[in-house]
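S.K.: Just the structure for this:
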Amino acid sequence: MACILDVAKYILSKKGNMTAMKLEKLCYYSQAWMLAWEEIPMFEDDFEAWANGPVSRRLFSLHRGKFIVSSSDISAEYGRTNLDDTQVDVIDRILDYYGDKEPNWLSELTHLERPWKDARARAHAAPGEYCDEVILKSDMMDYYGGL
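M.R.: Down below sits the predicted model:
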């Protein structure tokens with residue numbers, strides 16, 4: 001199965017360098033819509049309901065301290081070769097819709113959506129407060145599948 005680093009590397013190869021926040025959100029929406037459309041996860045990595053929206057610890061550990069992330073920041077072992085055609089199609093559709101949005105717009109959008117809000121509610125996290133509660137894949141599938 002692909003991992004989040006495969007998705008991130010593919011996104012960066014298609015869209016070029018971008019902020020870490022934007023990359024996190026594009027990976028999140030790739031996972032969310034794969035769950036909605038195909039009813040299976042694109043990757044097993046989880047997202048947590050951080051103050052600025054969904055964040056993957058695995059991806060965060062790769063770009064920690066960087067504002068801009070590039071394809072060269074991710075090892076060559078990751079990328080398109082580990083993704084199947086369905087996964088690539090979903091990511092490409094995500095990039096067509098969300099790819100030109102600003103990072104803050106994407107972050108604010110996640111704040112309006114139930115999966116992130118529910119995870120923060122489970123943790124009793126106030127706005128802006130630290131939270132590492134996992135956003136459940138089942139919540140993502142239910143919410144985005146119902147849109």
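
S.K.: Check this structure and tell me which residue is nearest its centre.
M.R.: The chain has residue 28 as the residue nearest its centroid, 1.8 Å off, counting by Cα atoms, centre = their mean.

S.K.: Tell me who's in contact with it.
M.R.: 47, 53, 54, 56, 110 (Cβ atoms under 8 Å, 6 or more residues apart in numbering). C-beta here means a position set from N, CA and C on the backbone, and glycine is covered the same way.

S.K.: Identify, from the residues you listed, the entry nearest to residue 69.
M.R.: Comparing these against residue 69 with Cβ to Cβ places residue 56 closest, at 12.5 Å.

S.K.: Can you get me a residue count around the closest one?
M.R.: 25 (other Cβ atoms under 10 Å).

S.K.: Kindly report the same for the one 5 residues further on.
M.R.: Applying the criterion other Cβ under 10 Å, we find 8 residues in the vicinity of residue 61.

S.K.: just the CA coordinates of the helix or strand that contains it, formatted as PDB?
M.R.: Residue 61 is part of helix 57-63 when elements are defined by DSSP states H and E. The C-alpha coordinates for helix 57-63 follow below in PDB (Å, rounded to 0.1, in the frame of the first residue of the first chain):
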ATOM      1  CA  ARG A  57       2.900  13.200  12.000                       C
ATOM      2  CA  ARG A  58       4.900  11.200   9.400                       C
ATOM      3  CA  LEU A  59       4.800  14.000   6.800                       C
ATOM      4  CA  PHE A  60       5.400  16.700   9.500                       C
ATOM      5  CA  SER A  61       8.500  14.900  10.700                       C
ATOM      6  CA  LEU A  62       9.800  15.200   7.100                       C
ATOM      7  CA  HIS A  63       9.200  19.000   6.800                       C
END
